[in-house]
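> sharing a model that was predicted from the sequence below.
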Amino acid sequence: MTEATQAPNTHSHLTNWVNDMAKLCAPDKIVWCDGSEEEKKRLTDQAVKMGVLIPLNPQKHPNSYLHRSSPTDVARVEHLTFICSRKKEDAGPTNNWMAPEDAYTKLRALFEGSMKGRTMYVVPYVMGPLNSPHSKVGVELTDSIYVALNMGIMTRMGKPALDMLGPSKDFNRGLHCTGDLNPDRRYICHFPEDNTIWSFGSGYGGNALLGKKCLALRIGSYLGQKEGWLAEHMLILGVEDPEGKTTYVAAAFPSACGKTNFAMMIPPKRFAGWKVYTVGDDIAWLRVGEDGRLWAVNPENGYFGVAPGTNWASNPNAMKTIAKDTLFTNVALTKDGSVWWEGMDGEVPDELTDWQGRPWKKGSSEKAAHPNSRFTAPASNNPILSKHVNDPQGVPISAIIFGGRRSNTVPLVMQSFNWAHGVFMGATLASETTAAAVGQAGVVRRDPMAMLPFCGYNMGDYLQHWLDMQKKLTVPPKIFQVNWFRKDKEGKFLWPGYGENMRVLKWIVDRAHVAVGAQETVFGWVPKEGHIDLSGMDIAEGRVDEATDIDEAEWKAELQSQETFFKQFGTTMPETLELQRQLLLSRLS
Ligand code: SAT
Ligand code: MN
């Protein structure tokens, strides 16, 4: 017999669906989440009792907890992620596809009775500012108290979502069950035409927090194409100059390539009077405003950031953000109830408890924290949070940046000649893989707009949609490509990155306002000698030259690999982009 709490009676579409799913999953209890502080405390206490959360030292980490996931469930699983569109070609060659009826049948068998003895949490949430026409309502049904608590941080969760939904049937239907965490019974299925997500067998990050990659990107990108907007894997930041003028920039980088660091950047001393404000660190929803400019909202309300490498030098604002009210996943634990990860400030502790709960000694060949260990922290903790994050219309974007992790070939910064050339730069983005997804790290793969794992429809059509956006944009943002990750022959990074990226960002902002000249090359516009301000920077002469160098032989190989990538899209590949590739090739020869 199912026991339910607080089922609201004004949302019949929602309650009918919840009842249907409850019948399928057979939970012992249904809890409707209202998003209140009282509820958060109650669920947290319960999670501690269940051993799902470990309280941290309350003096050092007020209101913060550690969660250890199953060692076989530590990252997104791209090979188990499916786009279940009615037609296979609508998923495109870069997505796994399953016919919707096959997927429903297969997963229904897994969901059947899967919540026996467990509680089903009904988690209503809004992606985007409350009462914004850009925002979307979703409801996630989950048997994971950890997921419910994370969703409470990452989204506008509970009563505000039900208020926004009203009697409407227009909401994303997300069903999530932890199952037995056996990777052989793990499926993350998206049904774009039904605005539905079914996720089984993982409790981790992008597999389980359905508002994030599943709704805000995969379903979001599909809706964006239908409704004429873009859902992108982009941070959003505002740069204020000493005169007080703020310029907004959106930047796409693959997972675990420093989006959170870039979005929370502190400009170096040389840039006294300059300030950076965070609007978002992972996802942007972009629409053309009535003024013909591109406007961006961050659909999220918190950060699910990579812990390793985060420290007081690389990202002081993140350290302040995670100082309280934070859930840590798969980091190491110190003797005094504090957290630790590789790349933390100070001495490496002699002894730790590692991410799997095992004793760990300094000098061990194994990592104490998992490379994809994470923090979940509320945006409101961020000391440089933009005061415009909750603006229903968002912020106007003047520049778009595409960046990948490339040890060679791609120079520090280039500006595209025009929109189509900029879309080409995004379409040919490639990056070395990271620990954010299961699989080998460090392999270069094409990742258009950093959306390869997140595009909810045929990527050829997606690229055409990007090209089509130009028609409505009377004031298009300028488009740039960057690479912070170029290495020298010894394998050392040529560019220091982090706060020093402000020097490149300043050039980008100046170019967006046509306030500085540039040097034309066959690849795009690059900074003229001296236009990237290097004053007060500790970098050996020649390193910057090496980081900005363009090698023609490397580029010929690059263009060939682009051709192979483009070909897989067949007739859905926009001709304009293949033409851009051939133009570049002919300029090169
Ligand atoms: O696990 S998540 O998908 O939420 C993080 C990421 O890969 O960007
Ligand atoms: Mn991401």
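Structure's in. What do you need? Ligands and ions are numbered 1, 2, ... in the order given.

> from here on, contacts and neighbour counts on C-alpha atoms
Fine.

> the stretch 151-300 of the chain: strands as residue ranges?
Taking DSSP state E, counting those that start in this stretch, the strands of the stretch 151-300 of the chain run over residues 156-157, 172-177, 187-191, 196-200, 230-232, 234-240, 246-252, 275-280, 284-288, 294-297.

> any chance of those in TSV, plus mean pLDDT?
Formatted as TSV, the entries for these read as follows, by pLDDT from 0 to 100:
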stretch	mean pLDDT
strand 156-157	98
strand 172-177	98
strand 187-191	98
strand 196-200	98
strand 230-232	99
strand 234-240	98
strand 246-252	98
strand 275-280	98
strand 284-288	98
strand 294-297	98
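
> right, and those strands - which one's nearest residue 379?
Residue 379 lies closest to strand 275-280 among the strands of the stretch 151-300 of the chain, at 8.5 Å (C-alpha to C-alpha).

> check which helices and strands that closest one is in contact with.
strand 234-240, helix 259-263 (3 or more C-alpha pairs under 8 Å, 6 or more residues apart in numbering; DSSP states H and E).

> my guess is residue 565 meets residue 446, correct?
Yes - under the criterion of C-alpha atoms under 8 Å, residue 565 makes contact with residue 446 at 7.4 Å.

> who has more neighbours, the two?
residue 446 (20 against 15; other C-alpha atoms under 10 Å).

> can you pull the contacts of residue 167?
Contact analysis of residue 167 by C-alpha atoms under 8 Å, 6 or more residues apart in numbering lists 10, 11, 12, 13.

> what about the first one, neighbour count?
Here the neighbour count serves as a burial measure; for residue 10 (other C-alpha under 10 Å) it reads 14.

> from residue 166, how far out is it?
7 Å (C-alpha to C-alpha, to the nearest Å).

> list the residues that contact the residue of the stretch 1-150 of the chain found nearest ligand 1.
Using C-alpha to the nearest ligand atom, the closest approach of the stretch 1-150 of the chain to ligand 1 is made by residue 76 at 5.2 Å. Listed by C-alpha under 8 Å, 6+ apart, the contact partners of residue 76 are 204, 205, 206, 207, 436, 437, 438.

> follow-up on the earlier one: between the helices and strands packed on strand 275-280, which one is closest to ligand 1.
Comparing those by C-alpha to the nearest ligand atom, helix 259-263 comes nearest, at 9.4 Å.

> other SSEs contacting that closest one?
Packing partners of helix 259-263 (3+ C-alpha pairs under 8 Å, 6+ apart): strand 234-240, strand 275-280.

> Throw those strands into CSV and include mean neighbour count and distance to ligand 1, thanks.
Putting the helices and strands packed on helix 259-263 into CSV (neighbours: other C-alpha atoms under 10 Å; distance: least, C-alpha to the nearest ligand atom, whole Å) gives the following:
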stretch, mean neighbour count, distance to ligand 1
strand 234-240, 25, 10
strand 275-280, 26, 13
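
> format those strands as a markdown table; extra columns: distance to residue 258.
Converted to a markdown table, these look like this (distance: least, C-alpha to C-alpha, whole Å):
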| stretch | distance to residue 258 |
| --- | --- |
| strand 234-240 | 10 |
| strand 275-280 | 13 |
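
> got the residues of the stretch 401-550 of the chain near ligand 1?
residue 436 (C-alpha under 6 Å from any ligand atom).

> tell me, how many residues neighbour the one residue in the stretch 151-300 of the chain that gets nearest to ligand 1?
As assessed by C-alpha to the nearest ligand atom, ligand 1 sits closest to residue 206 within the stretch 151-300 of the chain, at 3.4 Å. Around residue 206 there are 19 other residues, counting by other C-alpha under 10 Å.
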